[in-house]
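[1] I would like to see how this sequence folds:
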Amino acid sequence: MAMMAVAFPILPGKTAEWRSFMAELNGARNADFVASRQRAHVREQTFLQATPMGDLVIVTLQGEDPGRSFGEMLAQDDAFTIWFREQVQAVHGVDLLAPMAGPPSELVIDTGEGGRPR
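    Numbers count the residues shown, from 1 in each chain. Next up is the predicted model:
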């Protein structure tokens, strides 16, 4: 199973708004969120990392082709996906429909499952 990781800085002063966004994804909108990831055939995990330069969100996607799934998932025009993209724009300042600036994250270490090198 392949994995990709993407980091999104949270705009200054927007961490509380981001936490509300996450609360909706884990609460009232959870069924829509899970269904969108199931349709894309990916598992998503999201981490919040505080840094001296500000808060950062790290999103990982696991699946057969997470890069393709990421693009397909965010290009949908259903009400949930539109709302999701709007929330990302508001708290991260990122337009998920625009091409990513720069290359994708580069995997530099992978110890394999159970700590065994691949």
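
[2] measure Gly13 to Thr46 for me?
    Gly13 sits 20 Å away from Thr46, going by C-beta to C-beta, to the nearest Å. All C-beta atoms are positioned from the backbone trio N, CA, C, and that covers glycine.

[3] correction: Phe21
    From Phe21 to Thr46 the distance is 10 Å (C-beta to C-beta).

[4] who has more neighbours, these two?
    Shown here are Phe21 and Thr46; by other C-beta atoms under 10 Å, Phe21 has more neighbours (21 against 13).

[5] so Ala23 sits in a strand?
    No: using DSSP: H, G, I helix; E, B strand; the rest coil, the assignment for Ala23 is helix, not a strand.

[6] Give me the neighbour count for it.
    Count around Ala23 with other C-beta under 10 Å applied: 11.

[7] same check, this time on Phe47
    11.

[8] One more: Glu86?
    Residues near Glu86, counting by other C-beta under 10 Å: 12.

[9] which stretch of helix or strand covers it?
    For Glu86, the host element (DSSP states H and E) is helix 79-92.

[10] tilt between the helix or strand bottoming out on mean pLDDT in the chain and helix 79-92?
    Across the helices and strands of the chain, mean pLDDT, DSSP states H and E gives its lowest value to helix 66-74, namely a mean of 90. Per axes from the mean of the first three to the mean of the last three C-alpha atoms, to 10 degrees, the angle that helix 66-74 makes with helix 79-92 is 110 degrees.

[11] Now do the closest residue to Leu96 other than its chain neighbours against Ala5, distance only.
    Excluding its sequence neighbours, the residue lying closest to Leu96 (C-beta to C-beta, 6 or more residues apart in numbering) is Leu74, at 4.6 Å. Separation of Leu74 from Ala5 (C-beta to C-beta): 16 Å.

[12] Ok, Thr60 next?
    Distance from Thr60 to Ala5, by C-beta to C-beta: 5 Å.

[13] Now tell me what touches the helix holding Glu86 from outside.
    Residues outside helix 79-92 that contact it (C-beta atoms under 8 Å, 6 or more residues apart in numbering) are 8-11, 14, 17-18, 21, 29, 32-33, 36, 57, 73-74, 94-97.

[14] how many other residues sit next to Gln45?
    11.
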